[in-house]
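Chemist: have a look at this prediction, sequence included:
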Amino acid sequence: MPAINSRSLRRRDFVGFGAVTLGSAWLGACERSADAILSPLASDEPLAARTASPTRNPLRIPSTVSAAGLTLNAAAGTTNLGGTYESNALMYNGQFPGPSIIANAGSTATIRFVNGLAQPSITHWHGMIVDHEDDGHPLQAVGPGSFYDYEFPIAQRAALNWYHPHPHMHTGEQVFYGLAGAFILRDAEEAALNLPSGAYEVPLIIRDASFDSGGNLKLGGKASGFLGTDPLVNGTRYPYLPVDKAIYRLRILNGCNARVFRLALSNNASFTLIGNDGGLLASPASVAQITMAPAERVDVLVDLRQLNANASVMLRCLDAGWDILELRGTGAVISGQSIPSGTLSSITPLVGPATPDRRFSFDGMTRINGQVYDINRTDFTVKRNTVERWQFVTNGNAPHPVHIHGASFQVQSRTGGRGTKFPWEYGWKDTVLLGDRETVDVLIRFDRAGLYLIHCHQLAHEDQGMMSNFVVED
Ligand code: C2O
Ligand code: CU
Ligand code: CU
């Protein structure tokens, strides 16, 4: 296994802001709260301050920050989830979700992650192709009061990626309580398309959640995977977004621990699908429904040019029966937009073997190929710059959203189960949904040597061991 943390300056303990100071503050928190990692600030507020009324709240749009010279401080705090909904949370820079990081292809990200939590943590840039020291492997987790410095070039195409914690066995918990944010990459190819921008480009981090009687986020159901009782969009309960008579570009991330969404619009209009995990598709596709597993992203255009003032269209999940987001008309007319119809992007197909080089069986809720994750064990090695065909199978307990660090891949086929490759599975992907009875083949090529991970992104499965270390070698 390559040396980890060879750049030893990357992790440091603070002087004067160390474990002693933080530790005593957290001890007080733990005494009063069942959740050791959360402070109990709102737990004894009167219940009368809460309401179950489904009055809709304005959708929160996360603030944007540059990837150059950023400090991300993860810590417990309280957040307003819209209207009268207040909750304890774990947040990056006090925001739920964390700020949207924006970076241009060709630039360099320099980010300090500061762990103000009571647990070890490390930040992974999901979808970013970076060297292993910058990948947020659980071996790189830093303790409370410590930090980790990242520096990596943005050497990939425009896409909606995201960031979240990746510590050994605590990822699900830290993500659930609020640690996640968008990482948006831009490039010239995307800019030339003149897609809706500014207020007409909306990041939507959609997830589920459950709440205790005090209205605080409450994680349950750890073994088989957490399914929450309510949707949250950008940390907003019952959200609405005022929309003009315009085309909107919705950049959607499934930020759930375990839930698969089947998205549709209440007016039965289709989405124009233009991108996914790895950026733009080769050409747009019109789709009435989109199935999205945790960690998958889609980039869709929604045509609201006919939507009158005060009329609304709901973004729905057909499986949960939820109206996730109300798009509420303002009546303002916007001109000069259009839905692209020709080529969006050039995607070079990977050329590789017709039969699998490797097979990964996602077994039960805790194993890959019969083995529970061991943070110190390397399970296999891969040659750099070589296209391989990887095959994913399962003996049940899906959904298993299969995610690979260190490279994007191209889905080749799905047999069994749903038996097809869906429009949002073309182009480049880093996460693919493996359902029960399904076999999914992908082609993949790693351009960087180092230690990476393959794992199930159902976070209870991941934390319980459905993860594997591998090394890419020259
Ligand atoms: Cu989004 Cu290894 O994770
Ligand atoms: Cu990842
Ligand atoms: Cu799984």
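Modeler: Structure received. Numbers count the residues shown, from 1 in each chain. Ligands and ions are numbered 1, 2, ... in the order given.
Chemist: so what's the residue in the stretch 151-300 of the chain positioned nearest to ligand 1 up against?
Modeler: As assessed by CB to the nearest ligand atom, ligand 1 sits closest to A295 within the stretch 151-300 of the chain, at 4.9 Å. The C-beta positions use only the backbone N, C-alpha and C, and glycine is treated the same way. Shown in contact with A295 (CB atoms under 8 Å, 6 or more residues apart in numbering): 126, 162, 253-255, 401, 403, 430-431, 457.
Chemist: okay, it: pLDDT?
Modeler: Here, the pLDDT recorded for A295 equals 99.
Chemist: go on, A223?
Modeler: Looking at A223, its pLDDT is 70.
Chemist: wait, it sits on Q464?
Modeler: Yes - using CB atoms under 8 Å, A223 is in contact with Q464, at 7.4 Å.
Chemist: near ligand 3, which residues of the stretch 301-450 of the chain?
Modeler: H400 (CB under 5 Å from the ion).
Chemist: can you list the weak-confidence ranges in the stretch 301-450 of the chain?
Modeler: Applying pLDDT under 70 to the stretch 301-450 of the chain picks out no residues at all.
Chemist: ok so, going back, neighbour count for the contacts of A295 - can I get that in TSV?
Modeler: Converted to TSV, these look like this (neighbours: other CB atoms under 10 Å):
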residue	neighbour count
H126	23
W162	26
L253	27
N254	26
G255	27
P401	26
H403	23
D430	26
T431	24
H457	27
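Chemist: of the residues you listed, list those near ligand 2.
Modeler: Filtering the contacts of A295 for proximity to ligand 2 (criterion: CB under 5 Å from the ion) leaves H126.
Chemist: so which of the contacts of A295 also contact ligand 1?
Modeler: 126, 403, 457 (CB under 6 Å from any ligand atom).
Chemist: distance of S197 from D303?
Modeler: Distance of S197 to D303, given as CB to CB, to the nearest Å: 16 Å.
Chemist: look at those two and report which has more neighbours.
Modeler: A count of neighbours by other CB atoms under 10 Å puts D303 above the other of S197 and D303, at 18 against 9.
Chemist: residues from the stretch 51-200 of the chain in reach of ligand 2?
Modeler: Contact residues (CB under 5 Å from the ion) of the stretch 51-200 of the chain with ligand 2: H126.
Chemist: spell out which residues of the stretch 51-200 of the chain are next to ligand 1.
Modeler: Contact residues, the stretch 51-200 of the chain versus ligand 1 (CB under 6 Å from any ligand atom): 124, 126, 164, 166.
Chemist: what pLDDT is listed against the last one?
Modeler: The predicted local confidence for H166 comes out at a pLDDT of 98.
Chemist: for it, which non-adjacent residue is spatially closest?
Modeler: Closest residue to H166 apart from its sequence neighbours, by CB to CB, 6 or more residues apart in numbering: H124 at 3.8 Å.
Chemist: quick one: residues contacting the single nearest residue of the stretch 101-250 of the chain relative to ligand 3.
Modeler: Closest approach of the stretch 101-250 of the chain to ligand 3 (CB to the ion) occurs at G225, with a separation of 7.7 Å. Going by CB under 8 Å, 6+ apart, G225 touches 257-258, 365, 458-461.
Chemist: distance of R389 from T355?
Modeler: Going from R389 to T355 by CB to CB gives 7 Å.
Chemist: that concludes my questions; thank you for your assistance.
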